[in-house]
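1. just need the structure, nothing else, for what follows:
(2 chains)
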Protein chains: 2
Amino acid sequence: MREPGRRNALEQELFIGIDIGGTNMRIALIDDSGRILQVRKVPTEIGLGAPQVSRRLAAECRTLMDAAAGFSGRAVAVGLGAAGRIDAARGMVVFSPNLPSMKNYPLADELEKSLAIPVVLENDANVYGIGESWAGSGEGIENWIGLTLGTGVGGCLILGNRIWQGDGAGFAGEIGHMVVHPEGPACACGSNGCLETFSSGRALKEGVARAVAAGTLREGPLYESWKNGSLTPETVYRAAVGGSEPAQALFDRMGWALGIALASLFNVLGIRHAIIGGGVSAAWDRFIEPLRESLTRHSGMFDPKEVSVVRSTLGDDAALLGAGELARRTVRKSRKQ
Amino acid sequence: MREPGRRNALEQELFIGIDIGGTNMRIALIDDSGRILQVRKVPTEIGLGAPQVSRRLAAECRTLMDAAAGFSGRAVAVGLGAAGRIDAARGMVVFSPNLPSMKNYPLADELEKSLAIPVVLENDANVYGIGESWAGSGEGIENWIGLTLGTGVGGCLILGNRIWQGDGAGFAGEIGHMVVHPEGPACACGSNGCLETFSSGRALKEGVARAVAAGTLREGPLYESWKNGSLTPETVYRAAVGGSEPAQALFDRMGWALGIALASLFNVLGIRHAIIGGGVSAAWDRFIEPLRESLTRHSGMFDPKEVSVVRSTLGDDAALLGAGELARRTVRKSRKQ
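-> Have a look, this model is predicted:
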């Protein structure tokens, strides 16, 4: 790792925050106060293999490093959030249903070699938690449950104002892999009926395919977008808003499963706050009522009126800001040593 | 609260630990080193109402206070574990499916008035966690999940070597009310398919009744004990050991549900240890294999070989010792103030 500390007095220190999702990667240039100066977005195309994804990421980072001069600054570190079980010390994805070819690839090391500034890797949902705690809906809340609805479902726990890391084995907060219904659909992780199989972007798309197969969806824009291969979670959302019953049924199911998982967690953790973010949380108005009904139905030992489930105020920016903050902390920490 | 600190130099300080279950109450005299000197057991008979239960408890405590002299000692405080949502500050059970008439009854105050020594109330599963951490299977393990299988299913979380108390609202660790199967049996808490509806003593008894109703259990000792009203979890256990398929099916289901709940919690908490106690854990050899199979089946993000699920080494004594330790801590703390 090169010494990231030396700086020109005229230059401000900037940070690069990266959010690698199953579908897209977003790369942002962020200043010390948490302002996003520039964002880039490219498809992940994980099927091309980890080295190719890494090269593309490095190229995007270099573009932002060049752009830093335009803000009288210099990018001094990269923070990177990726879905899955992460070995932060080795900078590797150990296991990720949504980024299979990333397994055991030394992503942080490769980027660091290529960019010559420190690169640190964390689970994407933890990065979201850092962002929301720092500047979003989690500010000032000591204990909360974080969920990110994207291609999959990520999760984090903030306990005592800190990201809960469990035993340090790299898989804390995997709320997407809580079993919601043991006879539910097969999950990418190998289990069945995980929260992710009901409440993710992928679940929406697979749900449409199932509705077509079952003959309950035979026409209309949703059917057409399935047929021509342009189906996205946004398509399903627009169809639901437009009155499509099969589309709304998928959001009902999404909210139902979220309500069960959150009720179980509120009972187990004895805490009262949850914050939901991620791209698919944009469909909030479609799933929040079914979520609240399900939460009340399964509340068990807590009073449903006592708990709060809110939407991320930072939206997509939570993960980017969190990744930037992670980069910032890494630089600060290395200077203290 | 009277001053508990004055003591005769010749007398040793002793503590009373109480475990109030849905079926039985056990009351123990415990010394400073955690040795149980004497135990008494009486039926809870919660249907008689809280004042009656409280009077019976006070009488049992007085018997042990008298017995203390025989150990050259004096009982100086009472620790009390009860199932349900507890307001420890007010010494009350706020809500308990298994102790309904205890709701909002000032149990700690009433006992304290009657016995004239300090009485402190905690959730029974937390008390079990204190006991196991102090002197049982939890010794030296920083993070673990505790389960107690009794009339219901209790739970606790030990995070960073301490009982996790959540937001302090009195319901942390309610693992028994995690939803394992949303179409499962109705639970005493008002929800459906909670862990408790599959993995408790009550679930075993209700399972036998269902097998009789369905006609799959028509004869034999298990049927007879159901018919004559003497059915207990022990009866079901003995029947399973004796080869009864309907009885073993209930333990298969118990293990299956425990495996799902623990897999979900290992994924969410990123920790790797669970300790199972409570009276019904005596049926360990009947449910541990189905539990392990289910845990592996639903492991999701963790490697099932990396996690450990063990039986409480203290057995029934964990809750008594934990309650005694709670009493001891209370006395120590009041002296420091």
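
2. select the longest helix from chain A.
-> When chain A is scanned for its longest helix (criterion: DSSP state H), the result is helix A:245-269.

3. how far off centre is that helix?
-> Centroid separation for helix A:245-269 versus its chain: 18 Å, with CA atoms, centre = their mean, to the nearest Å.

4. tell me the buried residues in that helix?
-> By 16 or more other CB atoms under 10 Å in any protein chain shown, the buried positions in helix A:245-269 come out as A:246-269. Where you see a C-beta, it was placed from the backbone N, CA and C, and this is true even at glycine.

5. please enumerate the helices of the stretch 201-337 of chain A.
-> A:201-214, A:220-227, A:233-241, A:245-269, A:284-297, A:317-336 (DSSP state H, counting those that start in this stretch).

6. just the angle for the shortest one relative to helix A:245-269, thanks.
-> This means helix A:220-227. Computed by axes from the mean of the first three to the mean of the last three CA atoms, to 10 degrees, the angle separating helix A:220-227 from helix A:245-269 equals 80 degrees.

7. just want the angle from helix A:220-227 to helix A:233-241.
-> Going by the same axes, to 10 degrees, helix A:220-227 is angled at 160 degrees with respect to helix A:233-241.

8. other SSEs contacting helix A:220-227?
-> helix A:201-214, helix A:233-241 (3 or more CB pairs under 8 Å, 6 or more residues apart in numbering or on different chains; DSSP states H and E).

9. one more time with 10 Å, if that's ok
-> Contacts defined by 3 or more CB pairs under 10 Å, 6 or more residues apart in numbering or on different chains; DSSP states H and E place helix A:220-227 against helix A:201-214, helix A:233-241, helix A:245-269.

10. how about the strands in the stretch 101-250 of chain A?
-> With DSSP state E, counting those that start in this stretch, the ranges of strands along the stretch 101-250 of chain A come out as A:119-123, A:144-149, A:153-159, A:162-163.

11. what's the shortest one in contact with?
-> Contacts to strand A:162-163, defined as CB atoms under 10 Å, 6 or more residues apart in numbering or on different chains, come from residues A:122-123, A:125-127, A:129-130, A:133, A:142, A:146, A:156-157, A:172-173, A:322.

12. would you mind listing what in the stretch 201-337 of chain A touches chain B?
-> With CB under 10 Å from any CB of the partner chain as the criterion, the stretch 201-337 of chain A meets chain B at residues A:256-257, A:259-261, A:263-273, A:294, A:296-303, A:306-307.

13. hmm, try it at 7 Å
-> Proximity of the stretch 201-337 of chain A to chain B (CB under 7 Å from any CB of the partner chain) is limited to residues A:260, A:263-265, A:267-272, A:297-302.

14. now the stretch 51-200 of chain A
-> Within the stretch 51-200 of chain A, the positions near chain B by CB under 7 Å from any CB are A:85, A:95, A:143, A:155, A:165-167, A:169, A:171-175, A:177-179, A:181-182, A:189, A:191, A:194.

15. before we move on, back to that, kindly compare burial across the helices of the stretch 201-337 of chain A and name the winner.
-> The highest average neighbour count among the helices of the stretch 201-337 of chain A, using mean count of other CB atoms under 10 Å in any protein chain shown, belongs to helix A:245-269 at a mean of 25.

16. how far is stretch A:204-214 from where the chain is centred?
-> 24 Å.

17. so what touches that stretch?
-> A:217, A:222, A:223, A:226, A:231, A:233, A:236, A:246, A:250 (CB atoms under 7 Å, 6 or more residues apart in numbering or on different chains).

18. kindly reformat these as a markdown table containing pLDDT.
-> Converted to a markdown table, the contacts of stretch A:204-214 look like this (pLDDT from 0 to 100):
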| residue | pLDDT |
| --- | --- |
| A:217 | 94 |
| A:222 | 96 |
| A:223 | 97 |
| A:226 | 96 |
| A:231 | 97 |
| A:233 | 97 |
| A:236 | 98 |
| A:246 | 96 |
| A:250 | 98 |
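
19. ok, residue A:159 touching residue A:145?
-> No. Taking CB atoms under 7 Å as the definition, residue A:159 is not a contact partner of residue A:145, at 9.7 Å.

20. who has more neighbours, these two?
-> residue A:145 (26 against 22; other CB atoms under 10 Å in any protein chain shown).

21. ok, now how distant is the closest residue to the more buried one other than its chain neighbours from residue B:152?
-> Leaving aside its chain neighbours, residue A:145 sits nearest to residue A:274 (4.2 Å; criterion: CB to CB, 6 or more residues apart in numbering or on different chains). Distance of residue A:274 to residue B:152, computed by CB to CB, to the nearest Å: 26 Å.

22. settle it for me: which of those two has more neighbours?
-> It is residue B:152, of residue A:274 and residue B:152, that has more neighbours when counted by other CB under 10 Å, with 33 against 23.

23. which ones are touching that one?
-> Residue B:152 touches B:22, B:83, B:97, B:98, B:176, B:196, B:200, B:202, counting by CB under 7 Å, 6+ apart.

24. among these, which one has the most neighbours?
-> These, ranked by neighbours (other CB under 10 Å): first place residue B:196, 34 neighbours.

25. sec struct for residue A:25, please.
-> Look at residue A:25: counting by DSSP: H, G, I helix; E, B strand; the rest coil, its state is strand.

26. show the pLDDT at it.
-> Per-residue confidence (pLDDT) for residue A:25: 94.

27. surely it is in contact with residue A:57?
-> Yes. Between residue A:25 and residue A:57 there is a contact under CB under 7 Å: 6.5 Å.

28. now do the shared contacts for those two.
-> Residues within reach of residue A:25 and of residue A:57 at once, by CB under 7 Å, 6+ apart, are residue A:18.

29. and the strand or helix carrying residue A:75, what does it pack onto?
-> If you go by DSSP states H and E, residue A:75 is part of strand A:73-82. Judged by 3 or more CB pairs under 7 Å, 6 or more residues apart in numbering or on different chains; DSSP states H and E, strand A:73-82 is in contact with strand A:12-20, helix A:50-68, helix A:107-115, strand A:119-123, helix A:124-135, helix A:317-336.

30. got the ones you listed as a markdown table, with mean pLDDT columns?
-> A markdown table is the format used below for the helices and strands packed on strand A:73-82 (pLDDT from 0 to 100):
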| stretch | mean pLDDT |
| --- | --- |
| strand A:12-20 | 96 |
| helix A:50-68 | 96 |
| helix A:107-115 | 96 |
| strand A:119-123 | 94 |
| helix A:124-135 | 92 |
| helix A:317-336 | 91 |
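
31. tell me how many other residues crowd the closest residue to residue A:234 other than its chain neighbours.
-> Distances taken as CB to CB, 6+ apart place residue A:282 nearest to residue A:234, at 7.9 Å, with adjacent residues excluded. Counted with other CB under 10 Å, residues neighbouring residue A:282 total 16.

32. per-residue confidence for residue A:282?
-> pLDDT, residue A:282: 95.

33. before we move on, back to that, so can I have a markdown table of the contacts of stretch A:204-214 showing distance to residue A:315?
-> Converted to a markdown table, the contacts of stretch A:204-214 look like this (distance: CB to CB, whole Å):
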| residue | distance to residue A:315 |
| --- | --- |
| A:217 | 29 |
| A:222 | 24 |
| A:223 | 29 |
| A:226 | 27 |
| A:231 | 22 |
| A:233 | 14 |
| A:236 | 19 |
| A:246 | 27 |
| A:250 | 21 |
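
34. fine, thanks again, bye for now.
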